[in-house]
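K.L.:
next comes the sequence, and after it the predicted model I'd like to discuss.
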Amino acid sequence: KLNKETKEILRELINCVRVRRFTFEFDEDFEPVEAVQDMLRNLGIYDITPKVQGLMESVEEEEDGSFSDVAKNTKDICTLCNELLYWCTIGNAANQEILFENLGDFLESLDDEINSHHVVKAILRGNEGLMNVVSHDLLNTMVTNIVNEGHKHQYLALASSITHVGEKNIPKNQFEIIRGLCNPERLDETAVFLVSVDHDDYYEKKRLMAPFKESQDVDIDSLPPLLAYHLQYLEVLSNCTSGKINISAVEAKVQSIFGLKDIIEAILDEDTILVAKIRLSQFLLNSIIDVDMALPGLCESKYMWNLIESYVETLNFAKDEIRRVEKLGWESPEVSRHRIEYIITTILTIGSFFDKNYNAEKIRNDDGTSSEDRVQLSMIRINELIRMLYDRIFEVYDLDTPRLTTEVKGRMYDALVALNKSASAIIVTHIEPIHLNSAGVDEEEPDPDDVHEQAILEKYKEFVNELNGDEDVQENAKKQVDNFLELIEEI
């Protein structure tokens with residue numbers, strides 16, 4: 001009974017400190033409630049939780065590798081406690097500063113399988129000051145763990161969290177991560193599945209993906225360890241090439257260990273599950289396309305154009321997917337966040353490719369040499385593709401949905417501009433920056449759907465504000481914390 005009450009209180013506290021997001025963010029269903037984060041800090045949550053984590057000292061494996069019911073219960077409580085810490089800490093600088101002192105403890109408990117890697121990410125994400133003081137010895141220890149203990153995606157949590165804040169790089173960390181994870185002398189020990197689709201290792205990757213083919217919005221934590229590690233590794237390398245300051249040495253190194261052909265063929269493989277398509281596509285975008293040092297031959301690559309042709313089909317239902325979110329909300333089982341993520345990543349890739357890499361002259365001026373890697377599409381077909389992509393992206397952009405952030409809609413606008421200038425004959429003379437229009441602009445006949453969605457957004461904002469200022473809600477949360485404290489003391 002005591003364990004059950006403890007778990008229920010932890011779940012209640014988690015529900016108090018987070019709310020489901022209204023607008024789209026990559027890989028994030030919820031967002032923290034800052035007022036509740038602050039309240040929990042003031043009530044001593046960071047004094048309580050170490051006592052819970054201390055319970056793990058009593059957990060021991062049986063001879064056959066299993067755990068007793070008591071040990072399982074303890075692990076469940078510690079896992080919920082770490083989930084609470086994640087939501088109490090992420091995005092809150094004051095709370096991050098407090099928990100940063102215990103960063104080493106969470107790194108040491110990564111093998112305990114209680115989601116300590118989530119807390120590591122929460123401590124550092126978005127906090128430039130803390131990222132800059134992370135010891136590189138900790139990174140080296142994680143690489144040593146990978147080599148000696150095996151490919152566990154939890155070991156990559158630190159590296160994935162200290163590379164950049166928005167568009168601002170942390171170059172010293174990016175260099176150190178690449179030095180550790182991409183060292184030629186141990187690349188075979190730190191990387192997995194960076195191979196062609198006809199390699200033996202790739203068939204193993206397909207086998208690991210197979211059980212998840214029909215699943216929706218798969219969490220990486222639920223994947224087999226080797227597959228989860230592969231996708232997390234891609235994210236880490238992708239993060240190392242992110243930011244406004246393009247570091248040519250890092251870009252060149254990352255591009256050299258996983259080739260364009262292999263990446264794209266893996267994306268287009270019908271057996272590749274959606275979460276893998278997303279991570280592969282983000283790697284392609286950040287490490288190969290959206291970089292200052294263009295990959296030679298990218299514009300003329302038949303593999304790149306195979307991918308671009310596939311984007312027409314991907315975007316065919318993009319408007320319907322957004323409308324479904326508007327109608328049903330993110331929580332609906334009929335809505336797939338991963339389908340939206342792949343659509344948005346597709347649009348970002350199109351925008352960057354046609355802005356930075358497309359050059360019609362390079363395609364027209366065939367020097368006569370044969371190459372199986374060179375695109376064979378006619379300029380007529382290429383311009384058809386440009387027009388189709390423009391039309392499908394504009395359908396989504398024109399919705400001006402409040403379910404997408406202004407930043408994402410701005411990137412859609414950039415994609416439209418890039419496609420418009422790339423067409424042999426300009427598609428439109430002017431593209432209205434719809435995403436910048438004020439919400440208060442008078443319209444003669446406003447779209448009823450837009451009015452409805454705007455009303456929902458305003459109600460949502462009112463709800464969050466009321467939640468932050470509601471004394472009853474805060475008092476209820478305080479009682480939950482007090483009860484939790486009492487139970488922990490009893491344990």
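P.N.:
Good, I have the coordinates.

K.L.:
which parts of the stretch 101-250 of the chain are strands?
P.N.:
For the stretch 101-250 of the chain, strands defined by DSSP state E, counting those that start in this stretch occupy the ranges 164-165, 168-169.

K.L.:
now stretch 91-105: average pLDDT?
P.N.:
The predicted model assigns stretch 91-105 a mean pLDDT of 96.

K.L.:
just say which of the strands of the stretch 101-250 of the chain is most tucked in.
P.N.:
Among the strands of the stretch 101-250 of the chain, ranked by average contacts under mean count of other C-beta atoms under 10 Å, first place goes to strand 164-165 (a mean of 18). Heads up, the C-betas are built off the backbone N, CA and C, glycines and all.

K.L.:
give me the contact list for it.
P.N.:
126-128, 131, 170, 174, 239, 242-243 (C-beta atoms under 8 Å, 6 or more residues apart in numbering).

K.L.:
swap in 7 Å and give it another go.
P.N.:
126, 128, 170, 239, 242-243 (C-beta atoms under 7 Å, 6 or more residues apart in numbering).

K.L.:
next one: stretch 378-386
P.N.:
308-309, 312, 360, 363-364, 419, 422-424.

K.L.:
filter the residues you listed down to the buried ones, ChimeraX style.
P.N.:
This is how ChimeraX selects the buried members of those, with burial counted by 16 or more other C-beta atoms under 10 Å:
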select :308,309,363,419,422,423
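
K.L.:
and the furthest pair within the contacts of stretch 378-386?
P.N.:
Spatially, the most separated pair among the contacts of stretch 378-386 is 312 and 364, at 22.1 Å (C-beta to C-beta).

K.L.:
got the end-to-end distance for stretch 350-358?
P.N.:
10 Å (C-alpha to C-alpha, to the nearest Å).

K.L.:
count of residues packed around residue 66?
P.N.:
When neighbours are defined as other C-beta atoms under 10 Å, residue 66 has 9 of them.

K.L.:
now it: phi and psi?
P.N.:
phi -90, psi 180 (degrees, to the nearest 10).

K.L.:
pLDDT score for it?
P.N.:
For residue 66, the model assigns a pLDDT of 81.

K.L.:
please tell me how far it sits from residue 76.
P.N.:
15 Å (C-beta to C-beta, to the nearest Å).

K.L.:
repeat for residue 394
P.N.:
Residue 394 sits at a distance of 49 Å from residue 76 (criterion: C-beta to C-beta).

K.L.:
who's more crowded, those two?
P.N.:
Between residue 394 and residue 76, counted using other C-beta under 10 Å, residue 394 has the larger neighbour count: 21 against 15.

K.L.:
tell me which element the more buried one is part of?
P.N.:
helix 379-397 (DSSP states H and E).

K.L.:
ok but residue 31 is inside a helix, no?
P.N.:
No. Assigned with DSSP: H, G, I helix; E, B strand; the rest coil, residue 31 falls outside any helix and is strand.

K.L.:
what's the local residue count around it?
P.N.:
Residue 31, neighbours per other C-beta under 10 Å, totals 17.

K.L.:
bridging residues for it?
P.N.:
As for beta bridges, residue 31 partners with residue 19 under DSSP bridges.

K.L.:
isn't it up against residue 19?
P.N.:
Yes. Counting by C-beta atoms under 7 Å, residue 31 does reach residue 19; the two are 6.3 Å apart.

K.L.:
where in the stretch 151-300 of the chain is pLDDT low?
P.N.:
244-247 (pLDDT under 70).

K.L.:
next, the buried residues of stretch 60-77.
P.N.:
Buried, per 16+ other C-beta under 10 Å, within stretch 60-77: 71, 73-75, 77.

K.L.:
stretch 198-214 now?
P.N.:
Neighbour-count burial for stretch 198-214 flags 202, 205-206, 208-209, 212 (criterion: 16+ other C-beta under 10 Å).

K.L.:
same check, this time on stretch 120-135
P.N.:
Of all the residues in stretch 120-135, those buried under the rule 16+ other C-beta under 10 Å are 120-127, 130-131, 134.

K.L.:
pLDDT averaged over it, what's the number?
P.N.:
So the average pLDDT for stretch 120-135 ends up being 97.

K.L.:
quick check: end-to-end length of it?
P.N.:
14 Å.

K.L.:
residues making contact with stretch 293-300?
P.N.:
246, 248, 251-252, 255, 260, 288, 304, 356-359, 362-363, 374-375.

K.L.:
can you rerun that using 8 Å?
P.N.:
The contact list for stretch 293-300 (C-beta under 8 Å, 6+ apart) reads 246, 248, 251-252, 255, 260, 288-289, 304, 353, 356-359, 362-363, 373-375.
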